[in-house]
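Colleague: okay, predicted coordinates and the sequence, questions at the end:
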Amino acid sequence: MSHLDALEAEAIHIMREVVAEAENPVMLYSVGKDSSVMLHLARKAFHPGKIPFPIMHIDTMWKFSEMIDFRDKTAEDLGVDLIVHINPEGKKMGMNPFIHGSSKHTDVMKTDGLKQALDIHQFDVAFGGARRDEEKSRAKERIFSFRTSKHRWDPKNQRPELWNLYNSRKNKGESIRVFPLSNWTELDIWQYIHLEKIPIVPLYFSKERPVVEREGSLILVDDERLPLKEDERPMMKSVRFRTLGCYPLTGAVESEADTLPEIIQEMLLTTTSERQGRTIDHDTNASMEKKKQEGYF
Amino acid sequence: MVHVSELISTDIDSYLKSHEEKSLLRFITCGSVDDGKSTLIGRMLYESQMLFDDQLSALKNDSKKLGTQGDGIDFALLVDGLAAEREQGITIDVAYRFFSTEKRKYIVADTPGHEEYTRNMATGASTADVAIILIDAKQGVLTQTRRHSFIVSMVGVKKVLLAVNKLDLVDYSEEIYRQIVSDYSDFAENALDIESITAVPISALLGDNVVDKSENTPWYNGETIMQYLENIEVQNQRKQASFRMPVQWVNRPNPNFRGFSGLIASGETKIGDKVRVHPGGKESTIESIVTWEGELQQASAGQSVTITLNDKIDVSRGDVIATPTDPCGESDQFQSRILWMSADAMIPGRQYIFKSNTQSATLTLGKLKHRIEVNTLDHLPAKTLELNEIGVCNISLDKRIAYDSYGDNQTLGGFIVIDRLTNNTVGMGLIDFALRRSENIHWQKMDVSKESRAEQKSQTPKIIWFTGLSGSGKSSIANILEKKLQALGKHTITLDGDNMRHGLNRDLGFTAADRVENIRRVGEVAKLMINSGLICITSFISPFESERKMARSLVSEDEFVEIFIDTPLSVCEERDVKGLYAKARSGKIPNFTGISSPYEPPEKPEIRIDTTKLSAEAAANQIIEFILE
């Protein structure tokens, strides 16, 4: 049994445990590559039945337009229930990362949006595609990770997780985040996408795209909302994305990699880690941990 | 280690092909504080070049700011994840790390050496194939080394790598190294159940014998740590064991398909194989093994599959599909070893929730046979288990389950203990064997029933369970209530705290464990009373919610009426009818509820009585109205 077979079997086991024990589970679907893998695994876990829970996307209104197209097509192709939630308060105030700043944008649209959506639908378990290799505070998180009624994570008060035996009993108001990909690495994800031929958003593949350079990051001119400075002219460059989020906050990398093996090759030879393209991690060293305690997924 | 970057850049497809065939090895690192675990893992990540430039530059920055290595790189900072831990300079939880080589992908459980976090180590060990036990060459074999080794052995890790670290600080002395290895072997031979122990002299800080062989230890000819990990055969014992698959979920997408989904815990099976379904023992044969990729002819340990059977037999979550040539055992009483993982001590007699593979049951912990002192491995008498203590005790479940002993099958023999109130995982348990007596005790069947006795008395038997602080007014109200019931022609009996403690419970004191046993007995007596058709009034402080729940669970839901006499502590203390509060305040009575022992108010009592607003007479009337309606 190869390591990918073992990881797949583990993820399927985790998903089935949730469906057997949860009252109202949901899968958080970010449209990224990890979500694509998670969704693929869910199809396997419940075959020949359908995926027995909805998938939910927290839309921030600033996602790449190709992500939205891919999301809608995927849901239709797979015949899975898709819930899209946009924080109505953020929408009303016209949340804009260029005006309000990246951290407020993320807080309101992503963190608050997620909490709202979970509360509205009363989901007791939410699958997430996070991996332990992504970031230091994730390395300590359990596969079944509990959140208080205020969606806070308490890293000092985690239940011991023995064998592959998960205690899913929760107290009133608590909810659980479940991470079936906890033990996968970025390489495992890519390798699996390659082997299983899993569809992913085309933004991961290199293509000539219009970008502007800001503070060392290449920002895609995804729509007319990107305010161009006086001397800025979009340039056509062969770029791709290693991680997907809100387009104004996600830097592209210059690349010629337009096949999966080339992407994997580039990833293996590259010298900066995956999340560097995301602006939120730069603030302070422990910023992800703080965000998670506050309810960021 | 040669990085494979050449292959990656010249022939990515071959690289990917080779990566597909890697196997997975999980290991745990354990040792005492400052033995250098985090440094060793950081070093392995560094050497296997799993670090990116930005991580490396962050590490260099952090090393200057927070490091303990002067201008050098502090590898420990790579793995000490959470902010609070960084400041304290210790790891406080289980963290998982990943790296891979040409042959294997590794998952490392990094677990702390602090004594109070032993539970985390057991957690890390529960999924590990190999344990690396670190010893500081300057310190030698410590109490904690023994403790960790014992846990690793108990949890069933069969291969141990003894890493004698910080050899640079003892001038790479062969003599010191040999002495430590010999000390450890003496201990391990007597006390542990480990298949193989391999020792390596290392310096995690300087990299000696971690990946490449060190020139500083010419006297050592064995493998380096990485070589050991790359080459160790992790015998697939699970595959060779008898077939077991706990059913997780029944897959019924349409009326024509009924599949049983699960992760095969051990052994293998193929189409046409006879199987037995536990508990119960119904037999059938495998019709198909369904996966998304298509149907399989056979499947083995570690695979997640969906099985259909040729006969329409009742199978649900919690059942185990097994081979009939070596079936599971079935029982409801076991001897087990338990590692306690909660700050609230284990209490024999209290009910908890049992969960093993996919089955749950109500668990009553019996009396402890003994506690195992992990530092000396002595067997000591014990009444309770505190956090991180290990004991042997009998357990009984409210139903028969399929099991194997932990030594035979970790999935079927391992269980967790869950607290019914907090829902926390409070214990790790290992089934040793089933107790025979569960097969021998049968309930005496009675022709005269509770119903017929109750009918004779023209009443509905009930337990009227009073709870509240000392002096809250329980007994006064209970007394009036019983008089009124009798006047109405009802047959009653009152069990009173003081009276019971003079007779049946005179061997019990006031510790938490004794209080639990006190209430357990009261519950059982009350159950006998209502079986005789009586209305049974009990008047006890009964401070713990879990015991009240236990008493409630002994009878059917509508037979139990919980009455919370909700009198504030200050009022009880002011009344102080028996002068007990004054004594407790002056320290003359230990473990006094409300003063030096907790009272947990009921979550959902049937009736709550506020004696500051309602007279005892009115309270009794309210209760009668409720129970006779």
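Modeller: Cool, got the structure. Residues are numbered from 1 along each chain as shown, chains lettered A, B, ... in the order given.
Colleague: quick check: closest non-adjacent residue to the residue of the stretch 401-550 of chain B found nearest chain A.
Modeller: Going by C-beta to the nearest C-beta, chain A is nearest to residue B:423 of the stretch 401-550 of chain B, at 4.0 Å. Bear in mind the C-beta positions are built from the backbone N, C-alpha and C, glycine included. Counting by C-beta to C-beta, 6 or more residues apart in numbering or on different chains, residue B:423 lies nearest to residue A:169, which is 4.0 Å off, once chain neighbours are set aside.
Colleague: tell me where chain A has strands.
Modeller: Applying DSSP state E to chain A gives strands spanning A:25-28, A:55-58, A:82-85, A:125-127, A:144-147, A:175-178, A:207-214, A:217-220, A:235-240, A:253-254.
Colleague: quick check: longest helix of chain A.
Modeller: Identified as the longest helix of chain A according to DSSP state H is helix A:3-21.
Colleague: return the helix or strand in chain A with minimum mean pLDDT.
Modeller: Least confident element among the helices and strands of chain A, by mean pLDDT, DSSP states H and E: helix A:287-294 (a mean of 62).
Colleague: show residues contacting stretch A:7-25.
Modeller: Stretch A:7-25 is contacted by residues A:38, A:41-42, A:44-46, A:52-53, A:121-127, A:143, A:164, A:166, A:168, A:176, A:178, A:180-181, A:183-184, A:188, A:192, B:24, B:248-249, B:261-263, B:302-304, B:317, B:358 when judged by C-beta atoms under 8 Å, 6 or more residues apart in numbering or on different chains.
Colleague: show the average pLDDT along stretch A:14-29.
Modeller: For stretch A:14-29, mean pLDDT is 97.
Colleague: export only the CA atoms of it, formatted as CSV.
Modeller: The C-alpha trace of stretch A:14-29 is given here as CSV (Å, rounded to 0.1, in the frame of the first residue of the first chain):
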residue,chain,number,x,y,z
ILE,A,14,-12.8,10.3,8.6
MET,A,15,-15.6,11.4,6.3
ARG,A,16,-17.7,8.3,7.0
GLU,A,17,-17.3,8.8,10.8
VAL,A,18,-18.7,12.3,10.5
VAL,A,19,-21.6,11.3,8.3
ALA,A,20,-22.4,8.5,10.8
GLU,A,21,-22.3,10.7,13.9
ALA,A,22,-23.0,14.3,12.9
GLU,A,23,-26.5,15.8,12.8
ASN,A,24,-26.0,18.3,10.1
PRO,A,25,-22.6,18.3,8.4
VAL,A,26,-21.3,20.6,5.6
MET,A,27,-18.2,20.7,3.6
LEU,A,28,-16.4,24.0,3.3
TYR,A,29,-15.5,24.4,-0.3
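Colleague: next up, the contacts around the residue located most distally from the centre of chain B.
Modeller: Most distant residue from the mean C-alpha position of chain B: residue B:487, 51.6 Å away (C-alpha atoms, centre = their mean). By C-beta under 8 Å, 6+ apart, the contact set of residue B:487 is empty.
Colleague: pLDDT below threshold where in the stretch 351-500 of chain B?
Modeller: Applying pLDDT under 70 to the stretch 351-500 of chain B flags the ranges B:437-447.
Colleague: how about the contacts made by the residue of the stretch 401-550 of chain B closest to chain A?
Modeller: Contacts of residue B:423 (C-beta under 8 Å, 6+ apart): A:167, A:169, A:170, A:171.
Colleague: next: residue B:319.
Modeller: Contact analysis of residue B:319 by C-beta under 8 Å, 6+ apart lists B:246, B:247, B:260, B:277, B:278, B:279, B:280, B:359, B:402.
Colleague: next: residue B:564.
Modeller: B:467, B:468, B:601, B:602, B:605, B:607, B:608, B:609.
Colleague: using the three-state scheme, assign it.
Modeller: strand (DSSP: H, G, I helix; E, B strand; the rest coil).
Colleague: and residue 168, how many neighbours?
Modeller: Assuming you mean chain A. 17 (other C-beta atoms under 10 Å in any protein chain shown).
Colleague: wrong chain, I was asking about chain B
Modeller: Other residues close to residue B:168 by other C-beta under 10 Å number 17.
Colleague: could I get the contacting residues of the nearest residue to it once chain neighbours are set aside?
Modeller: Of all residues not flanking residue B:168 in the chain, residue B:203 sits nearest, at 4.3 Å (C-beta to C-beta, 6+ apart). Residues near residue B:203 by C-beta under 8 Å, 6+ apart: B:165, B:166, B:167, B:168, B:209, B:210, B:214, B:216.
Colleague: between these, which is nearest residue B:538?
Modeller: Nearest to residue B:538 among these: residue B:165, at 60.2 Å, using C-beta to C-beta.
Colleague: hey, what's that closest one bridged with?
Modeller: residue B:136 (DSSP bridges).
Colleague: just the CA atoms of the strand or helix carrying residue B:484, as PDB, please.
Modeller: In this structure, residue B:484 sits in helix B:474-487 according to DSSP states H and E. Only the C-alpha atoms of helix B:474-487 are listed here, as PDB (Å, rounded to 0.1, in the frame of the first residue of the first chain):
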ATOM      1  CA  LYS B 474     -34.900  18.600  51.500                       C
ATOM      2  CA  SER B 475     -35.800  16.500  54.500                       C
ATOM      3  CA  SER B 476     -38.500  18.900  55.800                       C
ATOM      4  CA  ILE B 477     -40.200  19.000  52.400                       C
ATOM      5  CA  ALA B 478     -39.800  15.300  51.900                       C
ATOM      6  CA  ASN B 479     -41.300  14.600  55.300                       C
ATOM      7  CA  ILE B 480     -44.400  16.800  54.600                       C
ATOM      8  CA  LEU B 481     -44.700  15.200  51.100                       C
ATOM      9  CA  GLU B 482     -44.700  11.700  52.500                       C
ATOM     10  CA  LYS B 483     -47.400  12.500  55.100                       C
ATOM     11  CA  LYS B 484     -49.600  14.000  52.400                       C
ATOM     12  CA  LEU B 485     -49.100  11.100  50.000                       C
ATOM     13  CA  GLN B 486     -50.000   8.700  52.800                       C
ATOM     14  CA  ALA B 487     -53.100  10.700  53.500                       C
END
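Colleague: how far away from the center of its chain is it?
Modeller: From the chain centre to the centre of helix B:474-487 is a distance of 44 Å (C-alpha atoms, centre = their mean, to the nearest Å).
Colleague: next SSE downstream of it?
Modeller: strand B:492-496.
Colleague: point out the residues in the stretch 101-250 of chain B that sit beside chain A.
Modeller: Within reach of chain A by C-beta under 8 Å from any C-beta of the partner chain, the stretch 101-250 of chain B has these residues: B:104, B:105, B:107, B:119, B:120, B:122, B:123, B:126, B:127, B:248, B:249.
Colleague: repeat that with 10 Å
Modeller: Contact residues, the stretch 101-250 of chain B versus chain A (C-beta under 10 Å from any C-beta of the partner chain): B:104-108, B:110, B:119-120, B:122-127, B:155-156, B:236, B:239, B:247-250.
Colleague: mind checking which of the residues you listed are in helices?
Modeller: If you go by DSSP H, those have B:119, B:120, B:122, B:123, B:124, B:125, B:155, B:239 in helices.
Colleague: show me just the buried residues among those.
Modeller: B:119, B:120, B:122, B:123, B:124, B:125, B:155 (16 or more other C-beta atoms under 10 Å in any protein chain shown).
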